[in-house]
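> One predicted model, sequence on top.
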Amino acid sequence: MFSKIAINNVKRSFKDYSIYFLTLTLGVCIFYSFNSLDSQNAIQEMNKNTIFRESLELLMSGTSVFVSVILGGLIVYANNFLIKKRKRELGLYMTLGMSKGKISRILIVETLLIGVVSLIVGIGLGIIVSQGLSVLTANILSMDLDKYKFVFSLGAMMKSIVYFGIIYLLVMIFNQFTISKYKLIDMLNASKRNEEVKLKNPFVSVLTFILSVAFLIFAYMRILETGLNAEDTDLIITILMGVFGTLLFFFSLSSFFIQIAQKNKGFYFKNINIFVLRQINNKVNTNFLSMTIISLMLFLTISLIFTAFDLKGTIDKNTANTTPFDASAFLVVNQEEEDPAVNDIEAYLNNIDFTFEAYEKHAFFDEYLLDLTIEDLLSQYLSDEEKIAIQENYMYGPVSALKISDYNAIINLTGQESVDLKEDEILVVSTYGKMIQALPEYMKNEENIIIEDKAYKIKNDVPIEENIKINRGSNFFYLIIPDNFTGNLQLEYTSFNVIYVDRYIEKSEEKFITLFNDLDENKYRSINPGLVIGSTENQIKEQEKGSAALFIFLGLFLGLIFIISSAAVMALQQLSDASDSLERYKSLKKIGVTDKMINGAILKQCLIYFLLPLGLAVIHSIVGIKAVSGMFHFNYESVLISSLILVIIYGGYFYATYIGVKNIVKGSN
């Protein structure tokens with residue numbers, strides 16, 4: 001009997017359950033999709049890298065637990081809304097003699113029924129969505145799409161069933177507890193409770209609103225000035241000011257909004273605007289705390305999704321700026337070591353019996369430090385912001401230098417002709433001009449570089465942006481000096497570059513990867529104590545793409561969960577308010593208000609209520625993204641994709657809410 005009642009309840013109240021069911025289904029879909037990552041072809045290729053595999057497993061495990069907590073809280077919240085909405089129905093069951101235990105059993109069957117259906121539909125939808133995620137993953141990692149194949153992850157399915165099974169079990173326990181504490185009189189009079197007005201004094205509401213705007217503007221100014229480079233305490237204070245300003249904004253908004261609207265009599269008394277404004281006032285006034293949290297979550301959502309996609313563009317640009325070398329390595333010179341062989345990478349390789357084949361073109365070279373820093377060189381042209389950028393990007397300290405003979409040996413590897421350099425000439429090889437304007441300005445206005453009181457004429461008009469070795473970072477600055485340079489030179493690294501012959505690329509790549517892995521594991525420490533660090537071009541690309549993939553997955557996973565949670569809470573609040581306001585809508589009908597006008601009022605209420613937290617979140621996001629813009633290469637694709645995801649999910653919930661509220665009001669007639 002209980003099962004039949006529960007099934008009939010779900011069928012009869014499907015419109016009420018639609019938002020709940022949609023949220024559960026999307027939650028399962030996203031949970032399955034991201035936990036199926038390790039089954040995708042592109043990720044399986046990357047899993048050959050132990051560090052990437054371990055990082056992915058740790059990331060997905062930790063994130064899955066965190067997301068489960070969020071979804072669990074959301075489902076409990078949604079379930080609480082459904083019980084609240086059905087208090088009168090449950091109260092009628094009790095008046096007919098049904099015990100609380102039997103009512104709890106009905107709710108358990110209903111929860112199980114909705115849970116099973118949402119799991120089946122969610123996993124089915126997740127299987128489809130995960131195929132798109134496979135294509136996205138392959139695109140991020142620049143994998144061959146010809147290797148794409150349909151993937152089903154049994155592990156992800158079992159994980160989804162277990163995690164959501166636990167959540168549904170907790171919901172059942174919560175239902176039992178909730179029903180046990182309700183009294184019959186509370187259930188029957190549930191719809192007669194009114195909202196409590198937070199701010200009654202017009203002057204106080206206006207003053208509070210102005211204060212909230214002042215807090216937000218001050219927080220914006222601070223974060224734009226310092227970015228994320230402020231001291232920990234200052235950054236925390238700025239964040240707290242932003243949070244407090246957001247809270248005050250929604251706390252005072254409804255009363256302030258009403259005060260402003262009442263000044264415009266023509267607008268206030270037009271059609272049923274007075275009803276719409278009062279409804280919005282009640283909603284914001286009652287839910288200001290949740291609106292604050294939702295606005296902050298939407299801010300995190302926009303920021304996470306934007307930076308996730310923008311990071312992909314940044315990594316793509318960085319990996320596009322490749323060197324012509326297939327492998328590079330350098331030995332870190334120990335200044336206290338008296339044996340010169342210990343500080344020479346060629347001698348090091350001889351000691352470990354490593355030799356270059358005839359098809360492995362290579363060049364050895366030395367890197368030195370000069371008695372000159374970037375700040376000293378560009379001091380007259382550096383702005384305060386550029387000084388900060390230099391510190392942020394580790395572009396400070398002594399300038400690195402190469403002798404012209406070593407530089408020629410490097411460029412000869414790539415087929416370029418040697419460069420002639422006179423005793424009083426110097427070459428600038430650098431990408432710093434992309435980061436700061438000081439270097440291009442210096443080279444435009446200055447003809448010489450002064451090193452230890454001696455002037456060296458700059459041979460090139462603009463910096464040469466071709467790196468002299470494979471570099472894990474995208475920034476480099478070298479001065480190419482004459483072989484007979486008489487100034488003070490401190491040997492920093494002894495290095496080599498290699499270019500493979502096409503016919504033996506795979507063989508050479510495997511050989512040098514083995515060498516560099518052995519070096520990382522200190523296999524030759526007993527033979528030579530020198531520290532040698534090396535990598536191949538492919539290793540660098542895989543590491544950068546792997547890091548990008550992890551961050552993008554994390555950003556998308558959390559971003560999608562945050563936006564679903566925010567939109568679902570907004571929707572449930574609207575539906576709950578509609579149920580509580582049925583008498584008001586009936587009163588409108590009695591005084592002759594048409595269905596068209598009522599539907600228009602519902603549309604305005606839903607639209608304004610959904611746009612309020614989103615609007616402030618967008619402003620937060622614009623300021624936040626601008627504050628960290630130096631870390632990313634801004635592109636419009638990121639904005640377009642982020643906006644599209646936001647519009648589809650948030651807009652979908654808005655439309656479903658509008659239809660749901662309209663049906664509730666229509667059904668009451």
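Alright, I've got the coordinates. Residues are numbered from 1 along each chain as shown.
> so for stretch 606-622, what's the average pLDDT?
Stretch 606-622 shows a mean pLDDT of 89.
> can you give me the offset of it from its chain's centre?
Centroid displacement of stretch 606-622 relative to its chain, using Cα atoms, centre = their mean, to the nearest Å, is 19 Å.
> Okay, helices next: where are they in the stretch 351-500 of the chain?
For the stretch 351-500 of the chain, applying DSSP state H, counting those that start in this stretch gives helices covering 374-378, 384-392, 404-413, 438-445.
> Just the C-alphas of the third one, formatted as PDB.
Pointing back at helix 404-413 there. Output of helix 404-413 as PDB, limited to C-alpha atoms (Å, rounded to 0.1, in the frame of the first residue of the first chain):
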ATOM      1  CA  ILE A 404      79.600  34.300 -29.000                       C
ATOM      2  CA  SER A 405      81.400  31.000 -29.900                       C
ATOM      3  CA  ASP A 406      78.900  29.000 -27.800                       C
ATOM      4  CA  TYR A 407      76.000  30.900 -29.200                       C
ATOM      5  CA  ASN A 408      77.100  30.200 -32.700                       C
ATOM      6  CA  ALA A 409      77.500  26.500 -31.900                       C
ATOM      7  CA  ILE A 410      73.900  26.500 -30.800                       C
ATOM      8  CA  ILE A 411      72.400  28.300 -33.800                       C
ATOM      9  CA  ASN A 412      74.600  26.200 -36.200                       C
ATOM     10  CA  LEU A 413      72.700  23.200 -34.900                       C
END
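> and it, what does it pack onto?
strand 360-373, strand 425-430, strand 477-481, strand 490-500 (3 or more Cβ pairs under 8 Å, 6 or more residues apart in numbering; DSSP states H and E). Yep, even glycine has a C-beta here, placed from its N, CA and C like the rest.
> re earlier: would you single out the least confident of the helices of the stretch 351-500 of the chain?
Looking at those, the bottom one is helix 384-392 with a mean of 69.
> which stretches of the stretch 51-200 of the chain have low pLDDT?
Scanning the stretch 51-200 of the chain for pLDDT under 70 picks out 51-57, 81-94, 96-101, 103-104, 134, 136-149, 178-200.
> could you redo the last one with a cut-off of 80?
Applying pLDDT under 80 to the stretch 51-200 of the chain flags the ranges 51-64, 71, 73-115, 130-152, 168, 171-200.
> which residues of this protein fall in strands?
For the chain, applying DSSP state E gives strands covering 327-332, 360-373, 398-403, 425-430, 448-451, 454-458, 477-481, 490-500, 531-536.
> Sheet partners, orientation included, of the last one?
The pairing partners recorded for strand 531-536 under DSSP bridges are strand 327-332 (antiparallel).
> from the middle of its chain, how far away would the strand it pairs with be?
34 Å.
> Equivalent analysis for stretch 115-130, please.
Worked out by Cα atoms, centre = their mean, stretch 115-130 lies 25 Å from the chain centre.
> try stretch 233-251
Centre-to-centre, stretch 233-251 and its host chain are 21 Å apart (Cα atoms, centre = their mean).
> for it, which positions count as buried?
Across stretch 233-251, burial judged by 16 or more other Cβ atoms under 10 Å covers 235, 238, 241-251.
> hang on, the earlier thing: to D595, which of the helices of the stretch 351-500 of the chain lies closest?
Closest to D595 of the helices of the stretch 351-500 of the chain, according to Cβ to Cβ: helix 384-392, at 58.8 Å.
> Can you give me every residue that contacts S535?
S535 is in contact with A327, S328, A329, I470, R472, F516, counting by Cβ atoms under 8 Å, 6 or more residues apart in numbering.
> Do you know the pLDDT at it?
For S535, the model assigns a pLDDT of 89.
> For it, give the beta-bridge partners.
For S535, the beta-bridge partners under DSSP bridges are S328.
> quick one: it and F516, what's the gap?
Applying Cβ to Cβ, to the nearest Å, the value for S535 to F516 is 6 Å.
> what sits in contact with each of those two?
A327, A329.
> related to what we said a few turns ago, now distance to Y493 and mean neighbour count too, for the helices of the stretch 351-500 of the chain, in a markdown table please.
Formatted as a markdown table, the helices of the stretch 351-500 of the chain follow (distance: least, Cβ to Cβ, whole Å; neighbours: other Cβ atoms under 10 Å):
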| stretch | distance to Y493 | mean neighbour count |
| --- | --- | --- |
| helix 374-378 | 18 | 18 |
| helix 384-392 | 21 | 15 |
| helix 404-413 | 11 | 18 |
| helix 438-445 | 23 | 17 |
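> out of these, which comes closest to P398?
helix 374-378 (8.9 Å).
> Who are the packing partners of the closest one?
Helix 374-378 packs on helix 384-392, helix 438-445, going by 3+ Cβ pairs under 8 Å, 6+ apart.
> Restricting to C-alpha, output that helix in PDB.
The C-alpha atoms that make up helix 374-378 are tabulated as PDB, following Å, rounded to 0.1, in the frame of the first residue of the first chain:
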ATOM      1  CA  ILE A 374      67.700  43.600 -14.900                       C
ATOM      2  CA  GLU A 375      66.700  46.300 -12.400                       C
ATOM      3  CA  ASP A 376      70.100  48.000 -12.900                       C
ATOM      4  CA  LEU A 377      69.900  47.700 -16.600                       C
ATOM      5  CA  LEU A 378      66.300  48.900 -17.100                       C
END
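> any residues touching it, and which ones?
Against helix 374-378 from outside (Cβ under 8 Å, 6+ apart): 382, 387, 390, 395-397, 399, 432, 436, 438-439, 442, 449, 477.
> so, if you compare those, which one comes nearest to V419?
Taking the contacts of helix 374-378 together and measuring to V419 by Cβ to Cβ, the closest member is I449, at 16.7 Å.
> is it true that C29 touches L119?
No - using Cβ atoms under 8 Å, C29 makes no contact with L119, being 10.3 Å away.
> more neighbours, these two?
Neighbour count, other Cβ atoms under 10 Å: between C29 and L119, C29 has more, with 24 against 20.
> re earlier: can you redo the strands of the chain as a markdown table, where the extra columns are distance to K666?
As requested, those are exported to a markdown table (distance: least, Cβ to Cβ, whole Å):
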| stretch | distance to K666 |
| --- | --- |
| strand 327-332 | 71 |
| strand 360-373 | 74 |
| strand 398-403 | 74 |
| strand 425-430 | 69 |
| strand 448-451 | 79 |
| strand 454-458 | 78 |
| strand 477-481 | 70 |
| strand 490-500 | 72 |
| strand 531-536 | 66 |
